[in-house]
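[1] Would you be able to build a 3D model of this:
(one chain, ligands or ions: 1)
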Amino acid sequence: MNQEAKEMLATEFCGMKFNTPLVLLSGCVGFGEEYTRVKGFSNRDVGAVCLKGTTLTPRLGNMPHRVYETPMGMLNAIGLQNPGVRYVVDSILPTLDFEETRFIANLSGSTVEEYVEVARIFDDSPIDAMEINISCPNVKEGGVAFGNNPEMSARVVDAVRKVTQKPLITKLSPNQTNIQENARRCIEAGTDAFAVINTLMGMAIDIESRTPILGNNQGGLSGPAIKPIALLKVHQVYQVCRDHGIPIIGQGGITTAEDAIEFIIAGASAVGVGTALFYDPHVCKSINAGILAYLQRHQLTEVSQLVGTLTLNQNKPACTC
Ligand SMILES: Cc1cc2nc3c(=O)[nH]c(=O)nc-3n(C[C@H](O)[C@H](O)[C@H](O)COP(=O)(O)O)c2cc1C
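    You can find the predicted model right below:
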């Protein structure tokens, strides 16, 4: 990439300087080191890398099967396998090259207290920012995911906000009725940004044994199959965020530069790439090149000029069927 291209793709996000608007998504890149072993791959091609969901103590994860390919996507139920926050901070972060890109921790927990403890430990580390994965089940309240309910989501954000000044990104779930209300509550509770969306819950069945294929029975659907849903959620959350200057990392099925550009037009300041990496570890290079070509073709000098530039058709709201 030449200097002019670098300057056009460089993006500011919550006061952080991103090399490009691309963010590698949590759970799809291990702890930031996984793809650096692939020839030709570089973390320098992306603005940030989100680490795997991290809990207070180590977790072995779910019984197999943990992943299952579906038409245009995949189901996963990994079960937050991770070595625990202490190990991540003491043994993994020192091995990461913070010159290459920004690293974002993904906070996960079963209770509000666990999220707070994980955040406290990451706060005292070189990590650049924290993303709250509120899609975890709340064990104290019947196992409903925190993120499915605006009140519970805001409680997590409020508690974590009190223990860190690092940029705080709340990852919103699509598995809820009113994502805009959830976003409003999380802004009041002090989030600096949003990641939109996490996976949609789904299932696959083995018809011979008549049992679910995933060991966990259900799992999160990701990949191109969820892109239209993710795009609408980004558009909806952007309506809430715009006036507060709260940026969004749009994500869900992004595979091409055209996908990424759609998310940016809908209101995302940065865009996430997750499942697409499993098909093509070099996909970020072509997404960067495509975004750059689009900016040049439209006489734009930076990505921020494109954010939220969607013009809606002026039809009266009506039934969609
Ligand atoms: C195998 C796998 C593991 C994931 N693990 C996490 C996780 O630990 N924490 C989290 O917030 N999201 C996790 N996600 C969700 C992704 O970060 C991302 O939000 C989602 O997959 C949508 O983007 P995509 O369609 O580009 O993959 C995981 C997704 C996959 C496919």
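[2] Isn't Ala10 up against Leu22?
    No: Ala10 lies out of contact with Leu22 (C-beta atoms under 8 Å); the separation is 11.7 Å. (Glycine included, C-beta is placed from N, CA and C.)
[3] Look at the two and report which has more neighbours.
    Using other C-beta atoms under 10 Å as the criterion, Ala10 and Leu22 rank with Leu22 on top: 28 against 15.
[4] For the closest residue to the more buried one other than its chain neighbours, which residues are in contact?
    Once flanking residues are discounted, Leu22 sits nearest to Val46: 4.4 Å by C-beta to C-beta, 6 or more residues apart in numbering. Neighbour list for Val46: 18-20, 22-24, 101, 273, 284 [criterion: C-beta atoms under 8 Å, 6 or more residues apart in numbering].
[5] Most neighbours among those residues, which one?
    Result: Val23 is most packed of the contacts of Val46 (other C-beta under 10 Å), 31 neighbours.
[6] ok, how many other residues are close to Ala195?
    27.
[7] Need the pLDDT of the closest residue to the ligand within the stretch 151-300 of the chain.
    Using C-beta to the nearest ligand atom, Gly274 is the residue of the stretch 151-300 of the chain that sits closest to the ligand, at 2.6 Å. At Gly274, the model reports a pLDDT of 98.
[8] That one and Val23 touch, don't they?
    No: contact status for Gly274 versus Val23: not in contact, 9.3 Å apart, counting by C-beta under 8 Å.
[9] To what extent is Tyr35 buried, counted in neighbours?
    Tyr35: 19 neighbours (other C-beta under 10 Å).
[10] which stretches of the chain have low pLDDT?
    By pLDDT under 70, the low-scoring segments of the chain are 316-317.
[11] give me the residue from it nearest the ligand.
    Across the chain, the shortest distance to the ligand (C-beta to the nearest ligand atom) belongs to Gly27, at 2.0 Å.
[12] in what helix or strand does that residue lie?
    If you go by DSSP states H and E, Gly27 is not part of any helix or strand.
[13] in terms of contact, does it touch Leu277 like I think?
    No: using C-beta under 8 Å, Gly27 makes no contact with Leu277, being 10.7 Å away.
[14] How is the residue of the chain positioned farthest from its centre assigned, secondary-structure-wise?
    Going by C-alpha atoms, centre = their mean, the residue of the chain most distant from its centre is Glu208, 35.6 Å out. Three-state call for Glu208 (DSSP: H, G, I helix; E, B strand; the rest coil): coil.
[15] All further residue positions should be reported with the first residue as 12.
    New numbering, starting at 12: the last item is Glu219.
[16] and it, what does it touch?
    Counting by C-beta under 8 Å, 6+ apart, Glu219 makes contact with nothing.
[17] how about the helices of the stretch 62-211 of the chain, start to end?
    Secondary structure of the stretch 62-211 of the chain by DSSP state H, counting those that start in this stretch: the helices cover 96-98, 123-134, 161-172, 190-199.
[18] export the ones you listed to CSV and tack on mean neighbour count?
    What follows is the helices of the stretch 62-211 of the chain, written out as CSV (neighbours: other C-beta atoms under 10 Å):
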stretch, mean neighbour count
helix 96-98, 18
helix 123-134, 20
helix 161-172, 21
helix 190-199, 21
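[19] can I get the ones you listed in CSV with distance to the ligand?
    Converted to CSV, these look like this (distance: least, C-beta to the nearest ligand atom, whole Å):
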stretch, distance to the ligand
helix 96-98, 13
helix 123-134, 12
helix 161-172, 13
helix 190-199, 14
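[20] Could you pick out the residues of the stretch 212-332 of the chain near the ligand for me?
    Residues of the stretch 212-332 of the chain lying close to the ligand by C-beta under 6 Å from any ligand atom are 233-234, 237, 262-265, 283-287.
[21] Please identify, among those, the one with the most neighbours.
    In terms of neighbour count, Gly263 stands highest of these at 33 neighbours, by other C-beta under 10 Å.
[22] host element of the nearest residue to it once chain neighbours are set aside?
    Using C-beta to C-beta, 6+ apart and skipping the chain neighbours, the partner closest in space to Gly263 is Ala241 (2.6 Å). Using DSSP H and E, Ala241 sits in helix 238-252.
[23] following that helix, which helix or strand shows up next?
    Toward the C-terminal end, the helix or strand that comes next after helix 238-252 (DSSP H and E) is strand 259-261.
[24] Who does that next one pair with, and is each partner parallel or antiparallel?
    strand 204-207 (parallel), strand 281-284 (parallel) (DSSP bridges).
[25] Does Gly154 touch Pro148 like I think?
    Yes: using C-beta under 8 Å, Gly154 is in contact with Pro148, at 4.3 Å.
[26] Show me which of those two is the more surrounded one.
    Applying other C-beta under 10 Å to Gly154 and Pro148 shows that Pro148 carries more neighbours, namely 15 against 10.
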